[in-house]
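Peer 1: no sequence on this one, just coordinates:
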């Protein structure tokens, strides 16, 4: 692991894998930024979010381990299926892991929870007919 | 001038005079090397400067190299106040944070949540 890089190869692989699964599960785009938030954390996080390819369909998780700041930004389309209250739950779960020093564990848990909550509810009437 | 001041001036004069006399007497004795002692050649000024200044400077440089070189080889940032964590953006654009879009304004449609720990 190069100095300054918060992840080992295996941790990065785990995060890549978690993001891929979350995107498959929720049909949304996930992005994780771990680094130094410049200025106001929320403004910086929205800058990052707006720099993504499709911000409205994207969920950005920003963590600054130095300033101990966590921000999750969801796009307008994402908010149709993922409410801010559900994001708050995921943020609390991540926060509790970060307090224990589990940066990767917290991210994996947060990604998983966000994907789970963001999954569009199955429309029963559109399913295959029974019998 | 009071008698107390006169006494102080006299005492000071005697002290300074006796000290000067002692130094004047000791001066010539210092010039001769005692019998049985070694009589090394006078030390060159440049040599003394190198010895007294160069060795501490070299030691300082060696210690600095021992501290910084391993960190530089590992690619660590050694500048003061360098951030502890290098920016990592998984799923972000290729240019990273070099060209960021503007932050959201008051009419933002984005949601989310924040926390600190």
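Peer 2: Great, that's in hand. The model shown is predicted, which means the values in this text are computed figures rather than measured ones.
Peer 1: From now on I want contacts and neighbour counts done on CA atoms only, so please keep to that.
Peer 2: OK.
Peer 1: Tell me where chain B has strands.
Peer 2: With DSSP state E applied, chain B shows strands at B:88-90, B:111-116, listed in chain order.
Peer 1: when you scan the first one, is anything in it near chain A?
Peer 2: Right, the one you point to is strand B:88-90. Yes. Using CA under 8 Å from any CA of the partner chain, strand B:88-90 reaches chain A at B:88-90.
Peer 1: Quick one: residues in contact with that strand.
Peer 2: A:5-6, A:16, A:31-35, B:96 (CA atoms under 8 Å, 6 or more residues apart in numbering or on different chains).
Peer 1: Pairing partners for that strand, with directions?
Peer 2: strand A:29-34 (antiparallel) (DSSP bridges).
Peer 1: What separation do you get for the residue nearest the centre of chain B and chain A?
Peer 2: Centroid check for chain B by CA atoms, centre = their mean gives residue B:60 as the closest residue, at 9.5 Å. Residue B:60 sits 25 Å away from chain A, taking CA to the nearest CA, to the nearest Å as the criterion.
Peer 1: Now for that residue: which residues touch it?
Peer 2: By CA under 8 Å, 6+ apart, the contact list for residue B:60 is empty.
Peer 1: so what's it scoring on pLDDT?
Peer 2: pLDDT recorded at residue B:60 is 97.
Peer 1: Distance of it relative to residue B:72?
Peer 2: 18 Å (CA to CA, to the nearest Å).
Peer 1: tell me the domain ranges of chain B?
Peer 2: For chain B, automatic domain parsing gives the domain ranges B:1-33, B:43-80.
Peer 1: Let me have those in CSV, extended by distance to residue A:62.
Peer 2: Compiled in CSV, these are given as follows (distance: least, CA to CA, whole Å):
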stretch, distance to residue A:62
domain B:1-33, 77
domain B:43-80, 22
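Peer 1: Pick out the shakiest of those domains, pLDDT-wise.
Peer 2: Looking at these, the bottom one is domain B:1-33 with a mean of 80.
Peer 1: And that one, what's buried?
Peer 2: Within domain B:1-33, no residue is scored as buried using 16 or more other CA atoms under 10 Å in any protein chain shown.
Peer 1: try stretch A:61-72
Peer 2: A:61-65, A:69-72.
Peer 1: Those: which ones sit near chain B?
Peer 2: Of the buried residues of stretch A:61-72, the ones that also sit near chain B (CA under 8 Å from any CA) are A:65, A:69-72.
Peer 1: can you count the residues close to residue B:36?
Peer 2: For residue B:36, the neighbour count with other CA atoms under 10 Å in any protein chain shown is 6.
Peer 1: so what's it scoring on pLDDT?
Peer 2: So, for residue B:36, pLDDT stands at 85.
Peer 1: again with residue A:3
Peer 2: Confidence for residue A:3, expressed as pLDDT, is 50.
Peer 1: before we move on, what about residue B:95?
Peer 2: For residue B:95, the model assigns a pLDDT of 76.
Peer 1: go on, residue A:126?
Peer 2: 60.
Peer 1: re earlier: go through the contacts of strand B:88-90 and name the one nearest residue A:51.
Peer 2: For the contacts of strand B:88-90, the minimum distance to residue A:51 (CA to CA) is 9.1 Å, reached by residue B:96.
Peer 1: Quick one: residues contacting that closest one.
Peer 2: With CA under 8 Å, 6+ apart, residue B:96 has these contacts: residue B:89.
Peer 1: what about the strands in chain A?
Peer 2: Going by DSSP E, chain A shows strands at A:29-34, A:58-64, A:69-74.
Peer 1: which one of those lies closest to residue B:39?
Peer 2: It's strand A:58-64; of the strands of chain A, that one is closest to residue B:39 (CA to CA) at 69.1 Å.
Peer 1: what pairs with that closest one, and is each one parallel or antiparallel?
Peer 2: strand A:29-34 (parallel), strand A:69-74 (antiparallel).
Peer 1: Alright, calling it a day.
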